[in-house]
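[1] got a predicted structure here, sequence first:
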Amino acid sequence: MFNKRKISIEKSLYERAAKFAAQAGYSSVADFVVHMLERELRHLEEGKDEEEVRKRLEGLGYID
């Protein structure tokens, strides 16, 4: 089972998230927020991996 944590966000941000969660068919705002966080973190991690590959290719002289 998941180890849950609570976070606080501004009321206006919660309301915006609730609106989009309902439109997208999520069962709860929490499910929507978790999905958005996972997606953004995956994007950031991929960017880090791409930067590492770029540095290696530069080091090998394949790109300038």
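    Yes, it's here. Numbers count the residues shown, from 1 in each chain.

[2] which residue is nearest the middle of this structure?
    Nearest to the geometric centre of the chain sits E40, at 1.7 Å (CA atoms, centre = their mean).

[3] look up the pLDDT of that residue for me, please.
    With respect to pLDDT, E40 scores 90.

[4] against E46, how distant is it?
    Going from E40 to E46 by CB to CB, to the nearest Å gives 11 Å. Where C-beta positions appear, they are placed from N, C-alpha and C, glycine not excepted.

[5] next, the buried residues of the one helix or strand the residue nearest to the centre of the chain maps to.
    For E40, the host element (DSSP states H and E) is helix 29-59. Across helix 29-59, burial judged by 16 or more other CB atoms under 10 Å covers V29, F32, V33.

[6] what does stretch 17-33 give?
    Of all the residues in stretch 17-33, those buried under the rule 16+ other CB under 10 Å are A17, A21, Y26, V29, F32, V33.

[7] perfect, I'm done here.
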